[in-house]
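A.B. asks: Show me how the following folds:
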Amino acid sequence: MTTAGAARDGEAAAGDAAERDREAAAAGDAAERDGEAAGAAERDREAARSGDAPAVDARSRALEVELDGVTKRFERGEGAALRGISLGVAKGELVVVVGPSGCGKSTTLRIVAGLEEADAGAVRIGGKSMAGVAPQDRDVAMVFQGYALYPTMTVRENMEFPLKMRKVDPVERRKRSNEAAELLSLGRLMDRLPSELSGGERQRVAMGRAIVRRPRVFLFDEPLSNLDAALRQELRVEIGVLVRELGVTAIYVTHDQVEAMTLADRICIMNKGEIQQVAPPRTIYEAPATSFVATFIGAPKMNLLAGTVADGAIACGPFTLAAPAGRRLPERVVVGVRPEDVRLVGAGDQGATKLEVALAEPLGAETNFVLRAGDVELRARASGFDPRDKGAAVHVSLAGAKLHFFDAAGAGARLP
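C.D. replies: Modelled structure (predicted):
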């Protein structure tokens, strides 16, 4: 049965949810299966991890989701939305797909869910090809930015609806919805309508509706984008704890690097339909694979300075740095340095270089600076509350800083 057919059967989301959300909700709701209910709860228990557990090594574990050379083109627009991407998600792993708008991250998620068809390549879930498999038969559950709740149903009815459609016994439906409500602190809200809930509560209900189904894979499509900053932070923590407590496999799409860094076992960074790097958050931050990754992850973003290598030294902007010993660099490089590695120093300190304050942002525990020397702009971070007037002279040093080197041509690949 097609997704449209499922919608005609009464599973289209109502209210102001977007069409894609209604379509996806219908597909997801129909995926519940009676025979899988008991065993699925324990399927990934052994994979549950504490919040400070080491990142999952996907190579050493069975892959739950695989994308192999997936390409997607749309009739309208230029070029391909996805350009032969390959990604594996291990059982019990939380992979966050992050990138700028239009990079293809939501298209990737919809292809996994079966809401879009790939033009080339393969998708496998649980080791089985999804070629020709309808969305409702893929055993995945999606949580959306737009909630996709039924406005005339109570919280409990919304959460139990996918089970009701699969004719799950009412006692079992009540048991599962109660369990989900306890996990999500929704107990006191079970008899309310969506219109009586806050944005954060509605998103919890959408998560509960996915949880009761006990799917093989959870798919999150920017679930926190509609919430204010305080709620985003609160729910971000809850999602991280919940996913690990359940020990489930999850793919989480976002444009927010904070969500990516704090939630992920591994981060997949995309740009222009291509995967730039897949690695644990620490690796992404400390060893970005490209100059794009370097500037996309980190706030303030990494400084990139055009450099020229000659006679054992690197000239980049107002700085002259010693070339790293034993490392062969091309004549032209891009030098990267994180703001926290740019030290504010006295005029007489080693490597002191004079710049001018263009902007100071005191944040309490730290202060971020934008500094200028001619046409070169440099971002720096200092501890504590350190306001400086615009135009004030400061001295900074890159002596001892961790430097990153990228190819000055092409895609800006990290240099070995």
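A.B. asks: for residue 206, phi and psi?
C.D. replies: In terms of degrees, to the nearest 10, the main-chain angles of residue 206 are phi -60, psi -40.
A.B. asks: Same question for the one 5 residues further on.
C.D. replies: Here the main-chain torsion angles of residue 211 (degrees, to the nearest 10) amount to phi -60, psi -40.
A.B. asks: Now it: closest residue in space that isn't a chain neighbour?
C.D. replies: Of all residues not flanking residue 211 in the chain, residue 180 sits nearest, at 4.5 Å (Cβ to Cβ, 6 or more residues apart in numbering). Backbone N, C-alpha and C define where each C-beta goes, glycine included.
A.B. asks: same check, this time on residue 364
C.D. replies: Once flanking residues are discounted, residue 364 sits nearest to residue 385: 6.1 Å by Cβ to Cβ, 6+ apart.
A.B. asks: so the one you found touches residue 362, yeah?
C.D. replies: Yes. At 5.0 Å, residue 385 counts as touching residue 362 under the criterion of Cβ atoms under 8 Å.
A.B. asks: and these two? which has more neighbours close in?
C.D. replies: The neighbour count for residue 385 versus residue 362, taken as other Cβ atoms under 10 Å, is higher for residue 362 (15 against 11).
A.B. asks: Now do the end-to-end distance for stretch 204-222.
C.D. replies: Stretch 204-222 has its terminal residues 14 Å apart, counting by Cα to Cα, to the nearest Å.
A.B. asks: Then stretch 249-261?
C.D. replies: 17 Å.
A.B. asks: in it, what counts as buried?
C.D. replies: By neighbour count on 16 or more other Cβ atoms under 10 Å, the buried set for stretch 249-261 is 249-257, 259-261.
A.B. asks: wait, which of these is closest to residue 113?
C.D. replies: Nearest to residue 113 among these, counting by Cβ to Cβ, is residue 251 at 9.6 Å.
A.B. asks: Can I take it that the closest one is in a strand?
C.D. replies: Yes. Read with DSSP: H, G, I helix; E, B strand; the rest coil, residue 251 is one of the residues of a strand.
A.B. asks: residues contacting it?
C.D. replies: 65, 89, 95-97, 109, 112, 217-220 (Cβ atoms under 8 Å, 6 or more residues apart in numbering).
A.B. asks: List the residues that contact the residue nearest to residue 364.
C.D. replies: 362, 364, 367.
A.B. asks: quick revisit: quick check, nearest of the contacts of residue 251 to residue 413?
C.D. replies: For the contacts of residue 251, the nearest to residue 413 is residue 97 (20.8 Å; Cβ to Cβ).
A.B. asks: thought the closest one was touching residue 268?
C.D. replies: Yes. Taking Cβ under 8 Å as the definition, residue 97 is a contact partner of residue 268 at 4.7 Å.
A.B. asks: So which of these two has more stuff around it?
C.D. replies: The residue with more neighbours, out of residue 97 and residue 268, is residue 97; 29 against 26, by other Cβ under 10 Å.
A.B. asks: Which strands or helices does the helix or strand containing that one pack on?
C.D. replies: In this structure, residue 97 sits in strand 94-98 according to DSSP states H and E. Strand 94-98 sits against helix 105-113, helix 229-246, strand 249-254, helix 257-263, strand 266-271, with contacts defined as 3 or more Cβ pairs under 8 Å, 6 or more residues apart in numbering; DSSP states H and E.
A.B. asks: Who are the packing partners of the first one?
C.D. replies: Contacts of helix 105-113 with other secondary structure elements, assessed using 3+ Cβ pairs under 8 Å, 6+ apart, are made with helix 19-29, strand 63-73, strand 80-90, strand 94-98, strand 120-125, strand 140-144, strand 217-221, strand 249-254.
A.B. asks: how near is the residue nearest to residue 364 to residue 361?
C.D. replies: Separation of residue 385 from residue 361 (Cβ to Cβ, to the nearest Å): 11 Å.
A.B. asks: Which residues are in contact with residue 253?
C.D. replies: Residue 253 sits next to 96-98, 105-106, 108-109, 219-222 when contact means Cβ under 8 Å, 6+ apart.
A.B. asks: Could you rerun that using 7 Å?
C.D. replies: By Cβ atoms under 7 Å, 6 or more residues apart in numbering, residue 253 lies in contact with 97, 105-106, 109, 220-222.
A.B. asks: most neighbours, which of the residues you listed?
C.D. replies: Tallying neighbours with other Cβ under 10 Å puts residue 97 at the head of the contacts of residue 253, with 29 neighbours.
A.B. asks: show me what contacts that one?
C.D. replies: 105, 108, 251, 253, 268, 270.
A.B. asks: what does residue 243 give?
C.D. replies: Contacts here follow Cβ under 7 Å, 6+ apart; on that basis residue 243 touches 94, 250.
A.B. asks: cool, residue 303 as well?
C.D. replies: Going by Cβ under 7 Å, 6+ apart, residue 303 touches 336-337, 339, 378-379.
A.B. asks: Quick check: the gap between it and residue 271.
C.D. replies: Counting by Cβ to Cβ - residue 303 and residue 271 are separated by 19 Å.
A.B. asks: ok, back up a step: list just the nearest of the contacts of residue 253 to residue 123.
C.D. replies: For those, the minimum distance to residue 123 (Cβ to Cβ) is 11.2 Å, reached by residue 109.
A.B. asks: Report pLDDT for the closest one.
C.D. replies: pLDDT, residue 109: 95.
A.B. asks: my read: residue 265 touches residue 91, true?
C.D. replies: No. Judged on Cβ atoms under 7 Å, residue 265 makes no contact with residue 91 at a distance of 11.5 Å.
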